[in-house]
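Student: can't give you the sequence, but here's the structure:
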(Lines give C-alpha, C1' and ligand atoms only; values in the text may rest on other atoms or scores of the structure.)
Protein backbone atom coordinates (compact mmCIF):
# COMPACT_ATOMS: atom_id res chain seq x y z
CA UNK A 1 0.00 0.00 0.00
CA UNK A 2 1.37 3.35 -1.06
CA UNK A 3 1.73 6.05 1.66
CA UNK A 4 0.33 9.63 1.34
CA UNK A 5 3.81 11.06 1.49
CA UNK A 6 4.90 9.07 -1.55
CA UNK A 7 1.90 10.25 -3.47
CA UNK A 8 2.75 13.98 -2.78
CA UNK A 9 6.37 13.60 -3.82
CA UNK A 10 5.31 11.95 -7.11
CA UNK A 11 3.05 14.96 -7.84
CA UNK A 12 5.80 17.49 -7.19
CA UNK A 13 8.18 15.62 -9.48
CA UNK A 14 5.60 15.63 -12.28
CA UNK A 15 5.27 19.46 -11.92
CA UNK A 16 9.00 20.14 -11.70
CA UNK A 17 9.98 18.25 -14.81
CA UNK A 18 8.16 20.58 -17.29
CA UNK A 19 9.50 23.71 -15.46
CA UNK A 20 13.07 22.45 -15.67
CA UNK A 21 12.65 21.66 -19.36
CA UNK A 22 11.42 25.20 -19.98
CA UNK A 23 14.33 26.75 -18.14
CA UNK A 24 16.83 24.67 -20.12
CA UNK A 25 15.22 25.79 -23.39
CA UNK A 26 15.38 29.49 -22.39
CA UNK A 27 19.03 29.20 -21.39
CA UNK A 28 19.95 27.64 -24.73
CA UNK A 29 18.16 30.46 -26.57
CA UNK A 30 20.00 33.13 -24.60
CA UNK A 31 23.33 31.47 -25.28
CA UNK A 32 22.73 31.57 -29.03
CA UNK A 33 21.55 35.26 -29.12
CA UNK A 34 24.21 37.99 -30.05
CA UNK A 35 25.51 40.19 -27.24
CA UNK A 36 23.99 43.67 -27.06
CA UNK A 37 26.27 46.72 -26.64
CA UNK A 38 26.28 48.47 -23.25
CA UNK A 39 25.13 51.76 -24.81
CA UNK A 40 23.21 52.33 -27.99
CA UNK A 41 24.86 55.20 -29.91
CA UNK A 42 22.55 58.15 -30.42
CA UNK A 43 23.12 60.08 -33.68
CA UNK A 44 24.08 63.74 -33.13
CA UNK A 45 22.62 66.48 -35.27
CA UNK A 46 26.07 67.73 -36.32
CA UNK A 47 27.50 64.28 -37.20
CA UNK A 48 29.05 63.89 -40.58
CA UNK A 49 27.63 61.61 -43.26
CA UNK A 50 29.99 58.75 -42.37
CA UNK A 51 28.96 58.82 -38.72
CA UNK A 52 25.30 58.71 -39.69
CA UNK A 53 25.90 55.76 -41.99
CA UNK A 54 27.54 53.92 -39.07
CA UNK A 55 24.40 54.24 -36.93
CA UNK A 56 22.56 50.97 -36.22
CA UNK A 57 20.07 50.05 -38.88
CA UNK A 58 17.36 49.50 -36.34
CA UNK A 59 17.32 53.13 -35.14
CA UNK A 60 14.05 54.52 -36.48
CA UNK A 61 14.28 57.57 -38.72
CA UNK A 62 11.35 59.99 -38.55
CA UNK A 63 9.17 60.18 -41.60
CA UNK A 64 9.96 63.28 -43.70
CA UNK A 65 7.44 66.05 -43.72
CA UNK A 66 6.42 67.44 -47.11
CA UNK A 67 8.77 70.40 -46.77
CA UNK A 68 11.57 68.17 -45.42
CA UNK A 69 11.51 65.80 -48.35
CA UNK A 70 14.96 65.54 -49.93
CA UNK A 71 15.46 67.27 -53.21
CA UNK A 72 16.03 65.09 -56.25
CA UNK A 73 19.74 65.81 -56.25
CA UNK A 74 20.12 65.71 -52.47
CA UNK A 75 21.27 62.41 -50.89
CA UNK A 76 19.00 60.91 -48.29
CA UNK A 77 21.91 60.93 -45.86
CA UNK A 78 21.87 64.77 -45.81
CA UNK A 79 18.29 64.93 -44.61
CA UNK A 80 19.27 65.40 -40.97
CA UNK A 81 21.58 68.30 -41.79
CA UNK A 82 18.91 69.87 -43.98
CA UNK A 83 16.36 69.50 -41.19
CA UNK A 84 18.70 71.21 -38.70
CA UNK A 85 19.33 74.05 -41.16
CA UNK A 86 15.61 74.56 -41.70
CA UNK A 87 14.94 74.60 -37.97
CA UNK A 88 17.75 77.14 -37.49
CA UNK A 89 16.31 79.34 -40.22
CA UNK A 90 12.87 79.19 -38.62
CA UNK A 91 14.27 80.09 -35.17
CA UNK A 92 16.18 83.13 -36.52
CA UNK A 93 14.07 86.34 -36.32
CA UNK A 94 13.07 87.41 -39.79
CA UNK A 95 13.38 91.08 -40.79
CA UNK A 96 10.12 92.91 -41.23
CA UNK A 97 8.76 93.15 -44.73
CA UNK A 98 9.14 96.92 -44.68
CA UNK A 99 12.14 98.47 -42.91
CA UNK A 100 10.98 101.00 -40.27
CA UNK A 101 11.72 104.60 -41.02
CA UNK A 102 14.38 105.91 -38.60
CA UNK A 103 13.06 108.43 -36.15
CA UNK A 104 14.25 111.92 -36.99
CA UNK A 105 16.20 113.71 -34.29
CA UNK A 106 14.29 116.85 -33.31
CA UNK A 107 16.08 120.02 -34.27
CA UNK A 108 17.69 121.97 -31.47
CA UNK A 109 15.57 124.91 -30.36
CA UNK A 110 16.64 128.21 -31.82
CA UNK A 111 17.88 130.77 -29.33
CA UNK A 112 15.46 133.61 -28.78
CA UNK A 113 16.05 136.52 -31.05
CA UNK A 114 17.61 139.51 -29.44
CA UNK A 115 15.32 142.48 -29.28
CA UNK A 116 16.12 145.09 -31.81
CA UNK A 117 18.36 147.70 -30.30
CA UNK A 118 17.32 151.25 -30.54
CA UNK A 119 19.54 153.20 -32.89
CA UNK A 120 22.27 155.07 -31.12
CA UNK A 121 21.47 158.67 -30.57
CA UNK A 122 23.77 160.74 -32.69
CA UNK A 123 25.60 163.44 -30.84
CA UNK A 124 25.46 166.73 -32.69
CA UNK A 125 28.86 168.14 -33.53
CA UNK A 126 30.26 170.69 -31.14
CA UNK A 127 30.19 174.13 -32.83
CA UNK A 128 33.58 174.89 -31.34
CA UNK A 129 35.11 172.20 -33.59
CA UNK A 130 34.69 174.53 -36.58
CA UNK A 131 36.57 177.40 -34.94
CA UNK A 132 39.71 178.48 -36.81
CA UNK A 133 41.95 181.51 -36.27
CA UNK A 134 41.16 184.71 -38.07
CA UNK A 135 43.70 186.94 -39.77
CA UNK A 136 43.41 189.38 -36.89
CA UNK A 137 43.11 188.22 -33.25
CA UNK A 138 39.70 189.15 -31.80
CA UNK A 139 39.51 191.92 -29.18
CA UNK A 140 38.41 189.53 -26.36
CA UNK A 141 41.54 187.47 -26.90
CA UNK A 142 43.74 190.55 -26.75
CA UNK A 143 41.98 191.74 -23.57
CA UNK A 144 42.50 188.33 -21.90
CA UNK A 145 46.23 188.49 -22.53
CA UNK A 146 46.47 191.96 -21.02
CA UNK A 147 44.82 190.74 -17.84
CA UNK A 148 47.26 187.83 -17.56
CA UNK A 149 50.20 190.17 -17.83
CA UNK A 150 48.80 192.45 -15.15
CA UNK A 151 48.67 189.42 -12.80
CA UNK A 152 52.29 188.64 -13.44
CA UNK A 153 51.52 185.45 -15.41
CA UNK A 154 54.25 184.30 -17.78
CA UNK A 155 52.99 182.68 -21.01
CA UNK A 156 53.81 182.12 -24.68
CA UNK A 157 51.69 182.19 -27.82
CA UNK A 158 51.23 178.86 -29.62
CA UNK A 159 50.05 177.87 -33.10
CA UNK A 160 46.40 177.08 -33.54
CA UNK A 161 45.31 173.54 -32.74
CA UNK A 162 42.82 172.00 -35.16
CA UNK A 163 41.94 168.41 -36.01
CA UNK A 164 39.04 168.25 -38.46
CA UNK A 165 38.75 164.42 -38.21
CA UNK A 166 38.28 164.39 -34.43
CA UNK A 167 36.90 167.88 -33.94
CA UNK A 168 39.54 169.29 -31.59
CA UNK A 169 40.15 173.00 -31.94
CA UNK A 170 41.94 175.81 -30.05
CA UNK A 171 42.24 178.79 -32.40
CA UNK A 172 44.38 180.96 -30.07
CA UNK A 173 46.23 178.75 -27.55
CA UNK A 174 48.82 179.93 -25.07
CA UNK A 175 51.33 177.98 -22.95
CA UNK A 176 51.32 178.89 -19.25
CA UNK A 177 54.75 178.94 -17.65
CA UNK A 178 53.64 180.48 -14.34
CA UNK A 179 50.38 181.28 -12.60
CA UNK A 180 51.63 184.60 -11.22
CA UNK A 181 54.62 186.11 -9.46
CA UNK A 182 56.58 183.39 -7.65
CA UNK A 183 53.86 180.83 -8.45
CA UNK A 184 54.85 178.10 -10.92
CA UNK A 185 52.93 175.45 -12.83
CA UNK A 186 54.72 172.24 -13.85
CA UNK A 187 54.88 171.22 -16.55
CA UNK A 188 53.82 174.19 -18.66
CA UNK A 189 50.20 173.96 -19.76
CA UNK A 190 48.66 174.64 -23.18
CA UNK A 191 45.20 176.18 -22.72
CA UNK A 192 42.89 178.70 -24.29
CA UNK A 193 43.30 182.15 -22.76
CA UNK A 194 40.03 182.09 -20.79
CA UNK A 195 40.95 178.84 -19.04
CA UNK A 196 44.48 180.07 -18.37
CA UNK A 197 43.10 183.19 -16.69
CA UNK A 198 40.66 181.13 -14.59
CA UNK A 199 43.51 178.84 -13.42
CA UNK A 200 45.71 181.79 -12.48
CA UNK A 201 42.92 183.44 -10.48
CA UNK A 202 42.07 180.12 -8.76
CA UNK A 203 45.70 179.69 -7.63
CA UNK A 204 46.05 183.28 -6.42
CA UNK A 205 42.59 183.89 -4.93
CA UNK A 206 41.59 180.45 -3.56
CA UNK A 207 44.54 178.05 -3.19
CA UNK A 208 47.04 180.55 -1.78
CA UNK A 209 44.83 181.79 1.11
CA UNK A 210 43.72 178.20 1.95
CA UNK A 211 47.32 176.98 2.11
CA UNK A 212 48.24 179.69 4.58
CA UNK A 213 45.12 179.12 6.68
CA UNK A 214 45.05 175.33 6.79
CA UNK A 215 48.70 174.34 6.33
CA UNK A 216 50.60 177.37 7.57
CA UNK A 217 52.69 177.82 4.39
CA UNK A 218 52.50 179.63 1.07
CA UNK A 219 51.71 177.92 -2.24
CA UNK A 220 54.87 177.53 -4.31
CA UNK A 221 53.76 175.59 -7.42
CA UNK A 222 50.93 173.57 -8.93
CA UNK A 223 51.51 170.14 -10.49
CA UNK A 224 49.26 169.62 -13.51
CA UNK A 225 48.33 166.20 -14.97
CA UNK A 226 46.62 167.25 -18.23
CA UNK A 227 45.83 170.38 -20.23
CA UNK A 228 45.12 170.40 -23.99
CA UNK A 229 44.62 166.83 -25.27
CA UNK A 230 42.74 166.02 -28.47
CA UNK A 231 40.38 163.27 -27.26
CA UNK A 232 36.82 162.30 -26.35
CA UNK A 233 35.55 161.95 -22.81
CA UNK A 234 36.54 158.81 -20.92
CA UNK A 235 32.98 157.53 -21.21
CA UNK A 236 32.99 158.07 -24.98
CA UNK A 237 30.61 160.13 -27.02
CA UNK A 238 31.18 163.85 -26.67
CA UNK A 239 34.55 165.49 -27.02
CA UNK A 240 36.36 166.25 -23.81
CA UNK A 241 36.81 169.87 -22.73
CA UNK A 242 40.52 169.08 -22.97
CA UNK A 243 40.00 168.91 -26.76
CA UNK A 244 39.34 172.68 -26.73
CA UNK A 245 42.05 173.65 -24.24
CA UNK A 246 39.21 174.39 -21.86
CA UNK A 247 40.16 172.07 -18.93
CA UNK A 248 43.01 171.59 -16.47
CA UNK A 249 43.73 168.56 -14.25
CA UNK A 250 45.66 169.33 -11.05
CA UNK A 251 47.45 166.41 -9.35
CA UNK A 252 49.35 168.15 -6.53
CA UNK A 253 50.35 171.35 -4.73
CA UNK A 254 53.84 172.14 -3.46
CA UNK A 255 54.25 174.50 -0.50
CA UNK A 256 57.02 176.96 0.34
CA UNK A 257 58.31 174.62 3.12
CA UNK A 258 58.75 171.79 0.60
CA UNK A 259 55.66 169.77 1.48
CA UNK A 260 53.75 168.23 -1.41
CA UNK A 261 50.00 167.76 -1.11
CA UNK A 262 48.78 165.05 -3.52
CA UNK A 263 45.20 164.69 -4.66
CA UNK A 264 44.07 161.25 -3.36
CA UNK A 265 41.04 159.55 -1.86
CA UNK A 266 42.11 159.50 1.82
CA UNK A 267 44.70 162.18 2.68
CA UNK A 268 45.69 163.06 6.27
CA UNK A 269 43.27 165.20 8.22
CA UNK A 270 44.94 168.59 7.71
CA UNK A 271 45.50 167.97 4.01
CA UNK A 272 41.93 166.73 3.63
CA UNK A 273 40.60 169.94 5.17
CA UNK A 274 42.72 172.04 2.79
CA UNK A 275 41.68 170.02 -0.29
CA UNK A 276 38.00 170.08 0.62
CA UNK A 277 38.11 173.86 1.07
CA UNK A 278 39.63 174.60 -2.32
CA UNK A 279 37.43 172.01 -4.06
CA UNK A 280 34.28 173.60 -2.68
CA UNK A 281 35.46 177.10 -3.59
CA UNK A 282 36.31 176.02 -7.16
CA UNK A 283 32.64 175.32 -7.93
CA UNK A 284 31.45 178.60 -9.41
CA UNK A 285 34.59 180.02 -10.97
CA UNK A 286 34.72 176.68 -12.87
CA UNK A 287 31.64 175.06 -14.42
CA UNK A 288 32.82 171.49 -13.75
CA UNK A 289 34.70 170.25 -10.68
CA UNK A 290 35.47 166.52 -10.30
CA UNK A 291 37.86 164.72 -7.95
CA UNK A 292 38.27 161.68 -5.67
CA UNK A 293 34.90 160.07 -4.98
CA UNK A 294 33.19 161.29 -8.15
CA UNK A 295 34.43 158.34 -10.26
CA UNK A 296 37.49 156.14 -10.75
CA UNK A 297 38.89 158.35 -13.53
CA UNK A 298 39.22 161.31 -11.20
CA UNK A 299 40.47 159.58 -8.05
CA UNK A 300 43.99 161.05 -8.27
CA UNK A 301 43.45 164.55 -9.61
CA UNK A 302 41.13 167.53 -9.53
CA UNK A 303 39.43 168.22 -12.86
CA UNK A 304 38.48 171.85 -13.57
CA UNK A 305 36.90 173.17 -16.75
CA UNK A 306 34.80 176.00 -18.21
CA UNK A 307 32.29 173.84 -20.14
CA UNK A 308 29.41 175.99 -21.38
CA UNK A 309 26.25 174.87 -19.56
CA UNK A 310 22.63 175.87 -19.88
CA UNK A 311 21.80 178.97 -17.85
CA UNK A 312 25.42 179.14 -16.60
CA UNK A 313 24.93 176.06 -14.40
CA UNK A 314 27.68 174.04 -12.76
CA UNK A 315 28.45 170.33 -12.23
CA UNK A 316 30.49 169.69 -9.12
CA UNK A 317 31.13 166.32 -7.42
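Tutor: Received, thanks. Just so you know, these numbers come straight off a predicted model, no measurement behind them.

Student: who touches the helix or strand where residue 196 lies?
Tutor: Applying DSSP states H and E as the criterion places residue 196 in helix 193-202. Residues outside helix 193-202 that contact it (C-beta atoms under 8 Å, 6 or more residues apart in numbering): 141, 144-145, 147-148, 151, 153, 155, 172, 174, 176, 179-180, 185, 189, 191, 245-248, 282, 285-286, 304-306. Quick note: C-beta positions are derived from backbone N, CA and C, even for glycine.

Student: quick check: buried residues in it?
Tutor: For helix 193-202, the neighbour count (16 or more other C-beta atoms under 10 Å) marks 193, 195, 196, 197, 198, 199, 200, 201, 202 as buried.

Student: any idea how far the first one is from residue 299?
Tutor: Right, the one you point to is residue 193. 30 Å (C-beta to C-beta, to the nearest Å).

Student: do the same with residue 205
Tutor: Taking C-beta to C-beta, one finds residue 205 at 26 Å from residue 299.

Student: average pLDDT across the helix holding residue 196?
Tutor: Here helix 193-202 scores 98 as its mean pLDDT.

Student: tell me the helix or strand right after it.
Tutor: helix 208-215.

Student: what sits up against whichever helix or strand comes after that following helix?
Tutor: As assigned by DSSP H and E, the chain's next helix or strand after helix 208-215 is strand 219-226. With contact meaning C-beta under 8 Å, 6+ apart, strand 219-226 is reached by 179, 182-187, 189, 203, 207-208, 211, 242, 247-256, 260, 300-301.

Student: try it again at 7 Å.
Tutor: By C-beta atoms under 7 Å, 6 or more residues apart in numbering, the residues outside strand 219-226 that reach it are 179, 183-187, 189, 203, 207-208, 211, 242, 248-256, 301.

Student: how about JSON lines for the buried residues of helix 193-202, with distance to residue 130 added?
Tutor: Shown next, in JSON lines, are those (distance: C-beta to C-beta, whole Å):
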{"residue": "193", "distance to residue 130": "19"}
{"residue": "195", "distance to residue 130": "19"}
{"residue": "196", "distance to residue 130": "22"}
{"residue": "197", "distance to residue 130": "24"}
{"residue": "198", "distance to residue 130": "24"}
{"residue": "199", "distance to residue 130": "26"}
{"residue": "200", "distance to residue 130": "28"}
{"residue": "201", "distance to residue 130": "29"}
{"residue": "202", "distance to residue 130": "29"}
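
Student: name the nearest of these relative to residue 268.
Tutor: residue 202 (23.0 Å; C-beta to C-beta).

Student: and that closest one, how far from residue 182?
Tutor: Taking C-beta to C-beta, one finds residue 202 at 16 Å from residue 182.

Student: and for residue 268?
Tutor: Residue 268 is 26 Å from residue 182, by C-beta to C-beta.

Student: likewise for residue 241?
Tutor: Residue 241 sits 29 Å away from residue 182, taking C-beta to C-beta as the criterion.

Student: again with residue 255
Tutor: 13 Å.

Student: ok, these two, which is more surrounded?
Tutor: Shown here are residue 255 and residue 182; by other C-beta atoms under 10 Å, residue 255 has more neighbours (18 against 12).

Student: how about that one: what's its closest non-neighbour residue?
Tutor: residue 217 (4.0 Å; C-beta to C-beta, 6 or more residues apart in numbering).

Student: that neighbour contacts residue 257, doesn't it?
Tutor: Yes - assessed by C-beta atoms under 7 Å, residue 217 is found in contact with residue 257 at 4.6 Å.

Student: neighbour-wise, which of these two wins?
Tutor: residue 217 (15 against 10).
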